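Q: Requesting a structural model of the entry that follows:
(2 chains)
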Amino acid sequence: MRLPDDEDLAGTGPRSKEDRIILFIFCGLLGGLMAAEVLYDGSPQRLAIVFFLAFWVVLTVIHEGGHAIMAKMVGWDIDEIQLGFGRVVGEFQVGATPVRLRLFPIVGLVRITPTSLHFPRMKNMLVYAAGPGIELGLVALLTLVMGWDVMTTPTDAYTVILAQSFALAGLVGAGLNLIPFSPHPGAVTDGLGILLSPFLPLSHFETQMLTPALERGESLIEAGQFQAAIDFFDEGLAHYPHVAILRFGRAKAQIHLGEYSSALLEFQAYVHGLPDAQRAESQLKLDELRTYIEVVKSAP
Amino acid sequence: MSYAAYQSTAAAHAPADIRADFIRKTYAHLGGAILACTALCAALMKSSFGEKLAFSLMNNWLLTLGAFIVAGWVAERWASSGGSASKQYLGLGLYVVAQAIILLPILFIADRAFPGENVIGTAGILTGVVFSGLTATVFMTKKDFSFVGQALSIAKFAALGFILVSMLFGFSLGSFFSSAMVVLAAGYILYYTSNILRHYPIGSHVAASLALFSAVALSFFYILQLVMSFAGDD
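A: Reported below is the predicted structural model:
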């Protein structure tokens, strides 16, 4: 049995004045003790902790910027940049891209949409690699400027400690991102993204590319223009016959027109025609369609 | 209806007897995990293999810590996978073993550097008192402490930063940091306990006990450091 994600549970934050007081005392106590640990013997090395944590935030911004810049360079659209977790504390635009700043900016993500199917796997790999790549590039540049010996020798000089802390934050950040694993269902690290990119089916990129168009089809269904929605999805399928979500949208529009069995049979035939590895997800969509028929039938 | 019929229902929404059963199972598993970890530590401390292992871990503490984080992550994944019961128990078992190994060096130091002072026993009793007090607070007030989750995530991240930087920049973390970690562990005990009463799904007792066990072990580790630092002052 899976436990709910800590961040899911914590998403609401304090709910009452009492909660806020408890949180304030807890954070004050923790922060005070940590600050005392940094300051108590006055040694410059201990400031590396503060520098490290501060540079982590800076490097999170640079890392996500790396993904976004590479996406732009390969001609893909950037839908959104998110910096941090917790509640949203600010929203602004960089060019045409919305940036959402959250309370704790120690992680981030960039949502992108392919705009063409021209070398999509290679471009996807480059976009994933650009985040840790820009961090490692900056660390390499800094090491080149400061010198390897200076960067690896213990010292009391503040500027060197500053540089060493930056390098450490960059190496740890890039290193963690390059470990290939899935931190939670549906998410991959940059390392896993790079490794998986060459093996992604073309339909994966087609689906990503057509998501905005799908929203238009869905809005036609919501507006009750079912035949127009079918025509819209047919037009998409003429160009991208392997994209399941277009067939799914078409089937939904058919259901609204009362064509229950043809909607199901056509989607069923499509699912059966898929290779085994791609069938499971579409099989779920088929089950979803069956439920959808019941919902539409029972609607007033 | 049976316990199994309420699988996936959040504890707060389950009938009282089902919820009580879930809580009983969680704490029974926690007790089992603590006993298993204690037995494993005791066995390792009495063996020459345990001594060799403890000293080699001390010499490669960064690697040890990295391996512990990976093992903890895998164990948590298995225990909360929703897969077979054997996989969940394998997760809890792996975590108990990893925890015993990470505790081994500090237990050896405590045993050898403070002979006859029973610092381990004192730390164990203090951990028990802290855990019981915090658990009783949640059970009696019925307060939902899930709102501290984000603060805990940030504090855990900062704590890892402290540990990593101190190792690489060559300085030791002292009593202020140990105290901060005890406060952090206390926060986790409040958080997990209130989640067990309210948010965790019925049937997740193995994963819930692992979460609680990790907080208890963290608390014990740093309370032992504090006890040693005070014993050293005498």
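
Q: I'd like the average pLDDT over stretch A:233-252.
A: When pLDDT is averaged along stretch A:233-252, the result is 85.

Q: residues of it that come out buried?
A: A:233, A:236, A:240, A:242-252 (16 or more other Cβ atoms under 10 Å in any protein chain shown). All C-beta spots, glycine's among them, are computed from the backbone N, C-alpha and C.

Q: In a markdown table, list these along with secondary structure and distance to chain B.
A: Shown next, in a markdown table, are these (DSSP: H, G, I helix; E, B strand; the rest coil; distance: Cβ to the nearest Cβ, whole Å):
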| residue | secondary structure | distance to chain B |
| --- | --- | --- |
| A:F233 | helix | 35 |
| A:G236 | helix | 36 |
| A:Y240 | coil | 35 |
| A:H242 | coil | 31 |
| A:V243 | coil | 30 |
| A:A244 | helix | 26 |
| A:I245 | helix | 27 |
| A:L246 | helix | 32 |
| A:R247 | helix | 30 |
| A:F248 | helix | 27 |
| A:G249 | helix | 30 |
| A:R250 | helix | 33 |
| A:A251 | helix | 29 |
| A:K252 | helix | 28 |
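
Q: center of chain A - which residue?
A: A:L109 (4.4 Å; Cα atoms, centre = their mean).

Q: Assign a three-state SS to it, would you?
A: strand (DSSP: H, G, I helix; E, B strand; the rest coil).

Q: Not counting its neighbours along the chain, what's nearest it?
A: A:Q82 (5.0 Å; Cβ to Cβ, 6 or more residues apart in numbering or on different chains).

Q: Same check on B:V74?
A: B:L94 is the one closest to B:V74 (Cβ to Cβ, 6+ apart), at 6.7 Å.

Q: do B:V97 as well
A: B:L40 (6.8 Å).

Q: Outline the domain layout of chain A.
A: A:1-40, A:43-199, A:202-298 (automatic domain parsing).

Q: Compare the ones you listed and say which comes out lowest on pLDDT.
A: domain A:1-40 - the lowest mean pLDDT of the domains of chain A, at a mean of 79.

Q: where's that domain relative to the chain centroid, distance-wise?
A: 25 Å (Cα atoms, centre = their mean, to the nearest Å).

Q: For chain A, give me its nearest residue in chain B.
A: Closest contact between chain B and chain A, by Cβ to the nearest Cβ, is at B:G149 (2.6 Å).

Q: Using the three-state scheme, assign that residue.
A: helix.

Q: same deal with A:V99?
A: strand.

Q: Now it: closest residue in space, sequence neighbours ignored.
A: Per Cβ to Cβ, 6+ apart, closest to A:V99 is A:I81, 4.6 Å.

Q: Please, which helix or strand holds that neighbour?
A: A:I81 belongs to strand A:77-94 when elements are defined using DSSP states H and E.

Q: So which helix or strand of chain B has the lowest pLDDT on average?
A: helix B:61-79 (a mean of 79; mean pLDDT, DSSP states H and E).

Q: on contacts alone, who are the packing partners of the next helix or strand after that one?
A: Tracing the chain C-terminally past helix B:61-79 and defining elements by DSSP H and E, one meets helix B:85-113 next. In terms of contacts (3 or more Cβ pairs under 8 Å, 6 or more residues apart in numbering or on different chains; DSSP states H and E), helix B:85-113 is packed against helix B:16-46, helix B:48-59, helix B:61-79, helix B:119-141, helix B:205-233.

Q: Other residues contacting the strand holding A:I81?
A: Strand A:77-94 is contacted from outside by A:7, A:13, A:60-61, A:64, A:68, A:71-72, A:97-115, B:150, B:153, using Cβ atoms under 8 Å, 6 or more residues apart in numbering or on different chains.

Q: Touching, B:A159 and B:L184? I think so.
A: Yes. If you go by Cβ atoms under 8 Å, B:A159 and B:L184 touch, sitting 6.3 Å apart.

Q: Neighbour count: these two, which is higher?
A: Between B:A159 and B:L184, counted using other Cβ atoms under 10 Å in any protein chain shown, the more crowded position is B:L184 (25 against 18).

Q: just the helices in the stretch 51-200 of chain A please.
A: Ranges of helices in the stretch 51-200 of chain A, per DSSP state H, counting those that start in this stretch, are A:120-146, A:148-152, A:158-178, A:190-196.

Q: So which elements touch the longest one?
A: Okay, so that is helix A:120-146. helix A:47-73, helix A:158-178, helix A:190-196, helix A:202-222.

Q: burial count for A:R15?
A: 11.

Q: wait, what's in contact with it?
A: A:R15 touches B:D144, B:F147, counting by Cβ under 8 Å, 6+ apart.

Q: For it, which three-state class applies?
A: A:R15 ends up coil, using three-state DSSP.

Q: Against A:L23, how distant is it?
A: 11 Å (Cβ to Cβ, to the nearest Å).

Q: For these two, list the residues in contact with both.
A: Common neighbours of A:R15 and A:L23, counting by Cβ under 8 Å, 6+ apart, are B:F147.

Q: hmm, back to that, can you put the helices of the stretch 51-200 of chain A in a markdown table and add mean neighbour count and distance to B:S166?
A: Converted to a markdown table, those look like this (neighbours: other Cβ atoms under 10 Å in any protein chain shown; distance: least, Cβ to Cβ, whole Å):
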| stretch | mean neighbour count | distance to B:S166 |
| --- | --- | --- |
| helix A:120-146 | 19 | 20 |
| helix A:148-152 | 12 | 17 |
| helix A:158-178 | 19 | 12 |
| helix A:190-196 | 19 | 27 |
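
Q: picking up where we left off before, got the contact list for the least confident helix or strand of chain B?
A: Residues from elsewhere that reach helix B:61-79 (Cβ under 8 Å, 6+ apart): B:57, B:87-88, B:90-92, B:94-95, B:97-98, B:101-102, B:105, B:163-164, B:167-168, B:206-207, B:210-211, B:214.

Q: Using PyMOL, make a named selection holding only the buried ones among the residues you listed.
A: In PyMOL, this line selects whichever of the contacts of helix B:61-79 come out buried by 16+ other Cβ under 10 Å:
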select buried, chain B and resi 57+88+90+91+92+94+95+98+101+102+105+163+164+168+206+207+210+211+214
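
Q: Wait, B:V227 touches B:G124, no?
A: No. Here B:V227 lies out of contact with B:G124, judged by Cβ under 8 Å, at a distance of 9.7 Å.

Q: And those two? Which one has more around it.
A: Shown here are B:V227 and B:G124; by other Cβ under 10 Å, B:V227 has more neighbours (24 against 17).

Q: what does the stretch 151-300 of chain A put close to chain B?
A: A:P154, A:I161, A:Q164, A:S165, A:L168, A:V172 (Cβ under 8 Å from any Cβ of the partner chain).
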